[in-house]
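Novice: Below are the sequence and a predicted model for it; my questions follow.
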Amino acid sequence: MVLMAAKTQRTERRADALSKERIVEAAIEILDAHGESALTFRALTARLATGAGAIYWHVANKNDLLAATTDDIIARVMTDVVSGTEPREAIRAIALGAFDAIDAHPWVGARLSREPWQSAVLQIFESFGGQLQALGVPERAQFDCASALLNYVLGLAGQYAAATRLLARDTDRSAFLATVAARWAQLDPTEYPFVHQVAAQLPGHDDREQFLAGIDLILAGITAVR
């Protein structure tokens, strides 16, 4: 009985010392450096110099851990939106924060696109909804407007998730887009007149600026509804 009590006390002390925040932080470091496939409990135990049991005390499995890491990244985005900001600018800040988070952590895009009604997605949805209410959008239109904004962000997440699956981590963006643009330029201009027209713009375009332009188009439509 004494041995069992001592063992229990040691386990509790170890679990207390290793917080969930530390586990999430270490998991994010692994995900950023090596991608989702590298995130294993063995890798975590090595990085944290602890046993698997101490980690399982806080997270049930890899899916639980991925949810926690994604929640942490998105929560930072929501926290960074300054209170008192004009609703339209707050919506732009939320959207750009999501863009920057997905750009910096491509695995977040994969996670968001794979499970669209997880907690992290609901954080974004709630934030958009609150700002739409503050903007004075009629209640009957709030759901549609918030969904349009959210779906636009999830579309970005899906693109980054696909790029992560299909392209090597060290792919040169400019060179890759130049190759795609060259392919577009070789298409039949009578069949693809618009693609031919914009092919030259593809290699040098700024993804972030283009994303924000889309948000502004949605906001223009929301203003019309309001």
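Specialist: Good, I have the coordinates. Because the structure is a prediction, the values reported are computed rather than measured. Residues are numbered from 1 along each chain as shown.
Novice: make it CA atoms for all contacts and neighbour counts henceforth
Specialist: Noted.
Novice: Which strands and helices lie in contact with the helix ranked longest in the chain?
Specialist: Scanning the chain for the helix with the most residues, using DSSP state H, yields helix 139-166. Packed against helix 139-166, as judged by 3 or more CA pairs under 8 Å, 6 or more residues apart in numbering; DSSP states H and E, are the following elements: helix 87-104, helix 106-114, helix 119-135, helix 207-225.
Novice: So which other helices or strands are in contact with the first one?
Specialist: Packed against helix 87-104, as judged by 3+ CA pairs under 8 Å, 6+ apart, are the following elements: helix 62-80, helix 106-114, helix 119-135, helix 139-166, helix 207-225.
Novice: if we can go back for a sec, what angle sits between the longest helix of the chain and helix 106-114?
Specialist: With axes from the mean of the first three to the mean of the last three CA atoms, to 10 degrees as the basis, helix 139-166 and helix 106-114 are set at 130 degrees to each other.
Novice: quick one, helix 139-166 and helix 207-225 angle?
Specialist: 160 degrees.
Novice: for stretch 133-146, which positions count as buried?
Specialist: The neighbour-count check on stretch 133-146 (16 or more other CA atoms under 10 Å) flags 135, 137, 142, 145-146 as buried.
Novice: Show me what the following helix or strand past the longest helix of the chain is packed against.
Specialist: Next in sequence after helix 139-166, counting helices and strands by DSSP states H and E, comes helix 173-185. Packing partners of helix 173-185 (3+ CA pairs under 8 Å, 6+ apart): helix 193-198.
Novice: Run the chain-centre distance for the helix it packs on.
Specialist: Computed by CA atoms, centre = their mean, to the nearest Å, the chain-centroid distance of helix 193-198 equals 31 Å.
Novice: And the closest residue to residue 42 other than its chain neighbours, how far from residue 138?
Specialist: Nearest residue to residue 42, sequence neighbours excluded (CA to CA, 6 or more residues apart in numbering): residue 52, at 7.4 Å. As defined by CA to CA, to the nearest Å, residue 52 lies at a distance of 51 Å from residue 138.
Novice: Let me know which of the helices and strands packed on helix 139-166 is the nearest to residue 185.
Specialist: Of all these, it is helix 207-225 that lies closest to residue 185, at 20.5 Å by CA to CA.
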